[in-house]
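*Asks:* Predicted model, plus sequence, below.
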Amino acid sequence: QVQLVESGGGLVQAGGSLRLSCAASGRTFSSVAMGWFRQAPGKEREFVTAINKSGGLIYYADYAKGRFTISRDNAKSTVYLQMNTLKPEDTAVYYCAARGSGSLLRGDYDYWGQGTQVTVSS
């Protein structure tokens, strides 16, 4: 079992930045890959970014490339999502997720956090 707790969401103006954190517990953090997903009102959940167990492989959704950065600190059992140049369309609930194996890009992760709201005002 892995417990995930996100933090760092909030209200920010367009062009601003936020850093989300996701603290994991319950299983050796370096044994799971981590991903961030988001869900806007009335829309399906979508992939944002993911990082493998060692941090050596990272994927981004096209809209996140150049603006968002995922990183992990295995010593702190935490994954981060740095979001820059935020746009109103980035408004969503952001979820972190963990998986022991399988594709980083698929949405069928094993464990999910409760989500943190990110609101970008225009």
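*Replies:* Yes, it's here.

*Asks:* Run through the strands of the chain in chain order.
*Replies:* For the chain, the strands defined by DSSP state E occupy 3-7, 10-13, 18-25, 33-39, 46-51, 58-60, 68-73, 78-83, 92-99, 111-112, 116-121.

*Asks:* Please name every helix or strand in contact with the fifth one.
*Replies:* Meaning strand 46-51. Contacts defined by 3 or more CB pairs under 8 Å, 6 or more residues apart in numbering; DSSP states H and E place strand 46-51 against strand 33-39, strand 58-60, strand 68-73, strand 78-83. For glycine as for every other residue, the C-beta is placed from the backbone atoms N, C-alpha and C.

*Asks:* Name the strands paired with the longest one and say parallel or antiparallel.
*Replies:* This points to strand 33-39. Using DSSP bridges, strand 33-39 pairs in its sheet with strand 46-51 (antiparallel), strand 92-99 (antiparallel).

*Asks:* most packed of those?
*Replies:* Greatest average neighbour count among the strands paired with strand 33-39 goes to strand 92-99 (a mean of 23), per mean count of other CB atoms under 10 Å.

*Asks:* what's near enough to touch the residue most central in space within the chain?
*Replies:* The residue lying closest to the centre of the chain (CA atoms, centre = their mean) is residue 36, at 2.5 Å. The contact partners of residue 36, by CB atoms under 8 Å, 6 or more residues apart in numbering, come to 20, 22, 48, 49, 50, 70, 79, 81, 94, 95, 96, 97.

*Asks:* now the strands of the chain in JSON lines, with distance to residue 105 and mean pLDDT?
*Replies:* As requested, the strands of the chain are exported to JSON lines (distance: least, CB to CB, whole Å; pLDDT from 0 to 100):
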{"stretch": "strand 3-7", "distance to residue 105": "19", "mean pLDDT": "97"}
{"stretch": "strand 10-13", "distance to residue 105": "27", "mean pLDDT": "98"}
{"stretch": "strand 18-25", "distance to residue 105": "18", "mean pLDDT": "97"}
{"stretch": "strand 33-39", "distance to residue 105": "8", "mean pLDDT": "98"}
{"stretch": "strand 46-51", "distance to residue 105": "6", "mean pLDDT": "98"}
{"stretch": "strand 58-60", "distance to residue 105": "6", "mean pLDDT": "98"}
{"stretch": "strand 68-73", "distance to residue 105": "13", "mean pLDDT": "98"}
{"stretch": "strand 78-83", "distance to residue 105": "16", "mean pLDDT": "98"}
{"stretch": "strand 92-99", "distance to residue 105": "11", "mean pLDDT": "98"}
{"stretch": "strand 111-112", "distance to residue 105": "16", "mean pLDDT": "98"}
{"stretch": "strand 116-121", "distance to residue 105": "21", "mean pLDDT": "98"}
